[in-house]
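Trainee: A structural model of the following input is requested.
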Amino acid sequence: MKKQAFRQLLSITAILLYTCILSCKSGEKLYNKGRYDEAVTTFVKKLQRKPQDATATRMLPDAYKQALLVREDRVNEYLRSNNQLKWENIRNEYRALQTLYNAIHSSPAALKLVQPKDYRDAITGAQENAAEMRYDRGMALLDKGDKASARQAYDEFGAALKLIPNYRDTKQRRDEAYQMGVINVVVSEIEVRSPYYQFSADQFRDYLVRNLQQRNINQFVQFYDERVVRNGNLRPDEYIELRFFDFVVGQTYVDRIQRDVSKEIVVGTTKDSIGKEFNIYKTVKATLYITKKTVVSKGLLDYRITNTGNGQLLRTDRIPGSYTWLNQFGTFKGDERALSDEDKQLMGGRDMPPPPPTDLFMEFTRPIYDQLARDLQSFYNRI
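Mentor: Presented below is the predicted three-dimensional model:
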């Protein structure tokens, strides 16, 4: 029992020794590859476990020095550049150096070897400069006065707020940029040639507007019902005109079909002279009288998107839609055994009235609606 415990102790010791050697080697490899940040972190972790480790003690100071040189050289390069967003890159470099500062402070042994530089003030200064640059870029875009620039300004103000929440009056400016950049789209009322279908056409338009609003296709595009706009003070930027063209609802076709059917069936068995059994077949016949009633509804929807400011036609298209209602039923004369299973189902049917015209109208416009919604989503996603 003691020998087994001793062997387990030796095994654990060997594993720890191997891990120690591997850790030192990996830190040294990282250093030799110029990955100084990772080398520093690896040496610090090693010193947390073994404060007297020779390799980590020897190499940590130089690894930190090299990491410092590399990062600060990058900072100086950014400072000399004309890149307006350089302060965000500088902040990232300072943050990386601060991470090394925090790592070294987590190990008393590492802190005895290296006195790391605290970059908290440098990070704050870089963030303030970065936020100021984003804010200034947003204001310059806002001053252009056009919608596309206002949308870009909105993004710049948003970036400034991510850097420093509540920076100056950035929230107010971002809201202003949104109001300037948003495109208000009004969907027209739909006129149909028959007042009987006006309610269905209004349902089509209402559902379309609600769906477009709920989809939130683009944060800078808002859809409105023309009736709502007429009673308010909203000034539309674009107008979607909808018109059903050349539609037919409830066009009925009746076909009467007479068809003869036959089938061989087994009616018994018999035996031959040597006693072998055979089936006795008989041909049964019937005549089917089938009525096929088809009700077709179809039409086209024209839509036009117009810029209300200059009257420019932005997009136009025509979308077809159709719906076919079918009912079949029948009777037969003759032997029922001649009928197939499909024939029997027809015989079980009955003459049924088609749906009311308003329902047929909604059915043939359903594929039109789906295509129109996809078209509008694709069109307004471009903004």
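Trainee: Q172 versus R318, what's the distance?
Mentor: For R318, the distance to Q172 (Cβ to Cβ, to the nearest Å) stands at 45 Å. Where you see a C-beta, it was placed from the backbone N, CA and C, and this is true even at glycine.
Trainee: any regions of this structure where pLDDT drops low?
Mentor: Under the criterion pLDDT under 70, the flagged ranges of the chain are 1-25.
Trainee: give the residue farthest from the middle of this structure.
Mentor: S273 (79.5 Å; Cα atoms, centre = their mean).
Trainee: for the lengthiest strand in the chain, which positions count as buried?
Mentor: Secondary structure of the chain per DSSP state E: the longest strand is strand 238-271. Buried residues in strand 238-271, counting neighbours by 16 or more other Cβ atoms under 10 Å, are found at E238, Y239, I240, E241, L242, R243, F244, F247, V249, V261.
Trainee: need the contact list for the fourth one.
Mentor: Shown in contact with E241 (Cβ atoms under 8 Å, 6 or more residues apart in numbering): S188, D302, Y303, R304, T306.
Trainee: what does T283 give?
Mentor: T283 makes contact with S262, K263, E264, I265, according to Cβ under 8 Å, 6+ apart.
Trainee: can you pull up the bridge partners for the closest residue to the third one other than its chain neighbours?
Mentor: Read that as E264. Closest residue in space to E264, ignoring its immediate chain neighbours: Y281 at 4.9 Å, by Cβ to Cβ, 6 or more residues apart in numbering. For Y281, the beta-bridge partners are V266 (DSSP bridges).
Trainee: burial measure for Y281, as a count.
Mentor: For Y281, the neighbour count with other Cβ atoms under 10 Å is 10.
Trainee: quick thing: my sequence starts at 174, can you match it?
Mentor: Happy to do that; since the first residue is 174 now, the last one works out to Y454.
Trainee: for it, give its distance to I438.
Mentor: Applying Cβ to Cβ to Y454 and I438 gives a distance of 7 Å.
Trainee: what about S361, neighbour count?
Mentor: By other Cβ under 10 Å, 16 other residues sit near S361.
Trainee: and what of the one 3 residues further on?
Mentor: E364 has 12 neighbouring residues, counting by other Cβ under 10 Å.
Trainee: isn't it right next to R416, touching?
Mentor: Yes - counting by Cβ atoms under 8 Å, R416 is a contact partner of E364 at 6.6 Å.
Trainee: flag every buried residue along whichever strand or helix holds V468.
Mentor: Counting by DSSP states H and E, the element that carries V468 is strand 450-480. By neighbour count on 16+ other Cβ under 10 Å, the buried set for strand 450-480 is 457, 459, 461, 463-464, 466, 468-472, 474, 476, 478-479.
Trainee: now swap in stretch 221-241 and tell me
Mentor: Going by neighbour count (16+ other Cβ under 10 Å), the buried part of stretch 221-241 is 221, 223, 226, 228-230, 232-233, 236-237, 239-241.
Trainee: show me these that map onto helices.
Mentor: Taking DSSP state H, the ones among the buried residues of stretch 221-241 that sit in helices are Q221, T228, A229, T230, M232, L233, A236, Y237, Q239, A240, L241.
Trainee: how about the first one, nearest residue that isn't a chain neighbour?
Mentor: This points to Q221. In space, Q221 comes closest to S280 once its chain neighbours are excluded; the distance is 4.8 Å by Cβ to Cβ, 6+ apart.
Trainee: the one you found and N406, how far apart?
Mentor: S280 sits 66 Å away from N406, going by Cβ to Cβ.
Trainee: more neighbours: these two, which one.
Mentor: S280 (21 against 5).
Trainee: so who does that one touch?
Mentor: The contact partners of S280, by Cβ under 8 Å, 6+ apart, come to V217, L220, Q221, P224.
Trainee: if I look at the second one, how far off is E250?
Mentor: Here the criterion is Cβ to Cβ. By it, L220 lies 32 Å from E250.
Trainee: look at the two and report which has more neighbours.
Mentor: L220 (23 against 13).
Trainee: tell me the one of the buried residues of strand 411-444 nearest E536?
Mentor: V422 (9.5 Å; Cβ to Cβ).
Trainee: how near is the residue nearest to the closest one when sequence neighbours are not counted to Y542?
Mentor: Of all residues not flanking V422 in the chain, S470 sits nearest, at 4.6 Å (Cβ to Cβ, 6+ apart). Taking Cβ to Cβ as the measure, S470 falls 14 Å from Y542.
Trainee: same question for Y397.
Mentor: Counting by Cβ to Cβ, the gap from Y397 to Y542 is 18 Å.
Trainee: for K335, same thing?
Mentor: 39 Å.
Trainee: looking at those two, which has the bigger crowd around it?
Mentor: More neighbours surround Y542 than the other of K335 and Y542, with 18 against 13 (other Cβ under 10 Å).
Trainee: run the chain-centre distance for whichever strand or helix holds the more buried one.
Mentor: Element membership of Y542 [criterion: DSSP H and E] is helix 530-553. Relative to its parent chain, helix 530-553 has a centroid offset of 21 Å by Cα atoms, centre = their mean, to the nearest Å.
Trainee: and after the strand or helix carrying N249, which helix or strand comes next?
Mentor: Element membership of N249, judged by DSSP H and E, is helix 227-253. Downstream of helix 227-253, the next assigned helix or strand under DSSP H and E is helix 259-278.
Trainee: counting by contacts, list what that following helix packs against.
Mentor: Contacts defined by 3 or more Cβ pairs under 8 Å, 6 or more residues apart in numbering; DSSP states H and E place helix 259-278 against helix 209-222, helix 227-253, helix 281-286, helix 293-317.
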